[in-house]
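Asker: Show me the folded form of this:
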Amino acid sequence: MAAHIHSFYDTQTGTATHLVFDEEGGTAAIIDPVLDYDAKAGRTKTTNADLLLSFLREHKLQLRWILETHAHADHLSAAAYLRTQAGGQIAIGARIGQVQQAFKTIFHLEAEFAIDGSQFDVLFEDQSVFNIGSLSCRALAVPGHTPADMAYQIDDAIFVGDTLFMPDVGTARCDFPGGDAHQLYQSIQKLLTYPPETRLFLCHDYPPAGRAISMQTTVAEQKAHNIHIRDGISETNFVQMRQQRDAGLDMPALLLPSVQVNIRAGALPPAESDGVHYLKIPLNQF
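Answerer: Next comes the predicted model:
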């Protein structure tokens, strides 16, 4: 049975969320859901997530998985909200503890904050196999952007997270805690060994002027045209380019709020004695 894939794009953060299901009335997974966040007001909304819930109801789907490709630094995750509303298990790469440990220190989080990934329901190792109803799926470790990045192979598609972008945009940055350009190069090569027609579904698109938003490419297109890592570009050249480029990039606009929520599987930090949830801003740390 072929996977059905419906993609949603959040224009504010440039994030693609993918909903995958086996059949009408069947079983679904949601990959990289977005929780809306108004940085000026410090207010969250569920507009994007509610679109996903509406789709599930319309097609009579049971939500089985909420899959995170990594702990995002550019948008807040709606995983916890979706689990509350529709059930399912939240899953991420098994090395998320390394990311949690780094950011627990940076944000000076509460002593009780666990750095073992226990906020998530399932921690996938490389090559872990799971099912979305009748669809057989495989988790692929693709570290480099962060140590815990995972891609998900479902049918003839791979959901690559923040490894590759569209060929005219290139590849993900590697300057966050635990990032490594050598690892990213090897992870991308792993993805590009799949057949040329393999569909690659992206987590982001930042289209140059004149191009429409696109959330899907192929192995063949990446190997032929990716401006950072097409065929013929060596690991040495890639690492040099990536490190020089990363050194000049601004931090993502939502890095500070996003990471504090996303390392908690989309949950807000614990409310304080006044019942309010607070996010921290560590000064002069980035």
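
Asker: Surely Phe165 touches Pro208?
Answerer: No: when contacts are counted by CB atoms under 8 Å, Phe165 is not listed as touching Pro208 (11.1 Å). From N, CA and C alone the C-beta is placed, and that goes for glycine too.

Asker: what is in contact with those two at once?
Answerer: Residues touching both Phe165 and Pro208 (CB atoms under 8 Å, 6 or more residues apart in numbering): none.

Asker: neighbour-wise, which of these two wins?
Answerer: With other CB atoms under 10 Å as the criterion, Phe165 and Pro208 differ in neighbour count, and Phe165 comes out ahead with 24 against 8.

Asker: And the pLDDT for that one?
Answerer: Note on Phe165: pLDDT of 98.

Asker: swap in Met1?
Answerer: Taken from the predicted model, the pLDDT recorded for Met1 is 70.

Asker: So that it lines up with my notes, have the first residue be 701 from now on.
Answerer: Sounds good: first residue 701 from here, last item Met701.

Asker: Excluding chain neighbours, what is closest to it?
Answerer: In space, Met701 comes closest to Ser834 once its chain neighbours are excluded; the distance is 5.0 Å by CB to CB, 6 or more residues apart in numbering.

Asker: what sits against that neighbour?
Answerer: Shown here is Ser834, whose contacts under the criterion CB under 8 Å, 6+ apart are Met701, Asp722, Glu723, Gly726, Thr727.

Asker: Next, check the residues you listed against the strands and list the overlap.
Answerer: Among the contacts of Ser834, the members falling in strands are Thr727 (criterion: DSSP state E).

Asker: can you tell me how far the residue nearest to Met701 sits from Ser828?
Answerer: Using CB to CB, to the nearest Å, one obtains 18 Å as the distance from Ser834 to Ser828.

Asker: Next, the distance between the ends of stretch 751-767.
Answerer: In terms of CA to CA, to the nearest Å, the two terminal residues of stretch 751-767 are separated by 17 Å.

Asker: typo on my end, stretch 735-749
Answerer: 7 Å.

Asker: Tell me which residues are up against it.
Answerer: Contact partners of stretch 735-749, identified using CB under 8 Å, 6+ apart, comprise 708, 710, 712, 717, 733-734, 775-778, 781-782, 785, 953-954, 957-958, 961, 966, 968, 979.

Asker: Rounded mean pLDDT for it, please.
Answerer: Taken as a whole, stretch 735-749 carries a mean pLDDT of 97.

Asker: Show me which residues of it are buried.
Answerer: Leu735, Asp736, Tyr737, Thr744, Thr746, Asn748, Ala749 (16 or more other CB atoms under 10 Å).
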